[in-house]
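> Quick one: sequence plus predicted model below, questions after.
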Amino acid sequence: MSTATRQPAAQPVDRKPATMGQALGRALRDAMADDPDVHVFGEDVGTLGGVFRVTDGLAAQFGPDRCTDTPLAEAGILGTAVGMAMYGLRPVVEMQFDAFAYPGFEQLVSHVARMRNRTRGRMPMPLTVRVPYGGGIGGVEHHSDSSEAYYMATPGLHVVAPATVADAYGLLRAAIASDDPVVFLEPKRLYWSKADWNPQEPDAVPGIGKAVVRRRGSSATLITYGPSVPVCLEAAEATREDGAEGWDLEVIDLRSLVPFDEETVAASVRRTGRAVVVHESPGFAGPGGEIAARITERCFHHLEAPVLRVAGFDIPYPPPMLEQHHLPGVDRILDAVARLQWESDYTESPGSAEGRGGGVV
């Protein structure tokens, strides 16, 4: 007779509806409660609770010394954070809007990204830079940029972008706990997205650097992150509902741009033989170019067609009334998939890389 001890049944997790903004606020609150070295500061994060109310209530709970309003000076905010991190604190700064972060870019490139290497590993840089980014909210100039390519091209920075409520919480907790600097890109249009969620779930904190397959498929792989994940899932579901030529699209959410999970991406593309990279950032010299190059290097003999990109156009972000044309949408994604699947002579077709800007749809 077996002597094994019967284990108690796992208790069901009580999930409640939450928005991404609420999950981010909970991540900050939990991190500050767990570690007195975590400090949150930036423009309007204290009394107002941030433009998007992510930091609402933190100043009241932890006091103005740990959730602090700053002057409108991004270079000064980041410079202060560097000093705080050097002395053992874990600062979390908010840049308020993507394009507002540019005045602080010199600090990121010259000090934040280099400090650990400069000191040969003796001085960590546990600094998290929260950047609300991307379009889809009808924002005016300087309020809808997708600047991830700048950060990806800066060695020494980790770059992450959540697409779900659960990942918003988990990745932010992981970023704050990291001894390396993390640029945490928050998709503005997803702040109000909702899901049933509980931060106490065992897998609530995924590690930085691991992609996830959001939808399994066999016809082609859509590789994306942040605000484009729901759009790619919508495109994949549209093909299933419409029975469009038997398309069955796999969707990969990168979650982390740096480090980049080559293994998950390569395994998917080797199975499907086709890949489309989707992001809001402009196509030329954008993240999709690097991702396409890595796919080609790792999967060349498995590819049935060139890797394509569906991206924002190579222009400054347009006025709100035009952004629906600028942002990658379902139709543009499915157009790219159609080109992958059924163009018998890709290089000479009207939609070829030569005629369509090097594979950008």
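In hand now; what should we look at? It should be emphasised that the depicted structure is a prediction, and the values quoted were computed from it without experimental measurement.

> CA atoms for contacts and neighbours, from now on please.
Will do.

> mind checking how far the residue nearest the centre of the chain is from residue 326?
Centrality entry for the chain: nearest residue to the mean C-alpha point is residue 161, 1.5 Å, by Cα atoms, centre = their mean. Between residue 161 and residue 326 the computed distance is 20 Å (Cα to Cα, to the nearest Å).

> if we can go back for a sec, wait, the residue nearest to the centre of the chain touches residue 226, no?
Yes - Residue 161 is within contact range of residue 226, at 5.1 Å (criterion: Cα atoms under 8 Å).

> joint contacts of those two?
185-187, 255 (Cα atoms under 8 Å, 6 or more residues apart in numbering).

> Per-residue confidence, the residue nearest to the centre of the chain, what does it come out as?
Confidence at residue 161, expressed as pLDDT, is 98.

> do the same with residue 140
Residue 140 carries a pLDDT value of 85.

> How about the one 5 residues further on?
As summarised for this prediction, residue 145 has a pLDDT of 95.

> Can you get me a residue count around the closest residue in space to it that isn't next to it in sequence?
Leaving out its chain neighbours, the residue that sits closest to residue 145 by Cα to Cα, 6 or more residues apart in numbering is residue 134, at 5.3 Å. Neighbours of residue 134 under the rule other Cα atoms under 10 Å: 30.

> swap in residue 279?
Counted with other Cα under 10 Å, the neighbours of residue 279 add up to 26.

> Surely it and residue 329 touch.
No - assessed by Cα under 8 Å, residue 279 is found out of contact with residue 329, at 10.0 Å.

> dump the residue contacts of the residue nearest to residue 145.
Shown in contact with residue 134 (Cα under 8 Å, 6+ apart): 98, 143-146, 187-189, 227, 280.

> to the chain's geometric centre, what's the distance from the helix or strand where residue 27 lies?
Assigned by DSSP states H and E, residue 27 belongs to helix 20-34. Remark: helix 20-34 is offset 18 Å from the chain centroid, using Cα atoms, centre = their mean, to the nearest Å.

> quick one: contacts of it?
38-39, 52-56, 58, 62, 164-166, 168-170, 172-173, 176, 190-194.

> Which element is encountered next along the chain beyond it?
Going down the chain from helix 20-34, the next helix or strand is strand 38-42, by DSSP H and E.

> how much space between the residue nearest to the centre of the chain and residue 301?
30 Å.

> Show me just the buried residues among the contacts of helix 20-34.
Neighbour counting over the contacts of helix 20-34 (16 or more other Cα atoms under 10 Å) leaves 38-39, 53-56, 58, 62, 164-166, 168-170, 172-173, 176, 190-191, 193-194 as the buried ones.

> Restricted to strands, list the residues you listed.
Cross-referencing those against strands under DSSP state E gives 38-39, 194.

> Where is pLDDT lowest across the residues you listed?
residue 194 (95).

> contacting residues around that residue?
Here residue 194 is in contact with 17-20, 165 (Cα under 8 Å, 6+ apart).

> CSV for those residues, including distance to residue 265 and pLDDT?
Putting those into CSV (distance: Cα to Cα, whole Å; pLDDT from 0 to 100) gives the following:
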residue, distance to residue 265, pLDDT
17, 31, 93
18, 29, 95
19, 28, 97
20, 25, 97
165, 22, 96
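
> Now list the buried members of those.
18-20, 165.

> ok, these vs residue 274, which is closest?
Minimum separation from residue 274 among these (Cα to Cα) is found for residue 165, which lies at 29.1 Å.

> is it true that the closest one touches residue 197?
Yes - with contact defined as Cα under 8 Å, residue 165 reaches residue 197; the gap is 7.3 Å.

> Now for those two: what residues contact both?
Residues touching both residue 165 and residue 197 (Cα under 8 Å, 6+ apart): residue 18.

> Quick one: neighbours of residue 142, just the number.
Residue 142 has 15 nearby residues by other Cα under 10 Å.

> isn't there a strand covering it?
No - per DSSP: H, G, I helix; E, B strand; the rest coil, residue 142 lies outside any strand segment and is coil.
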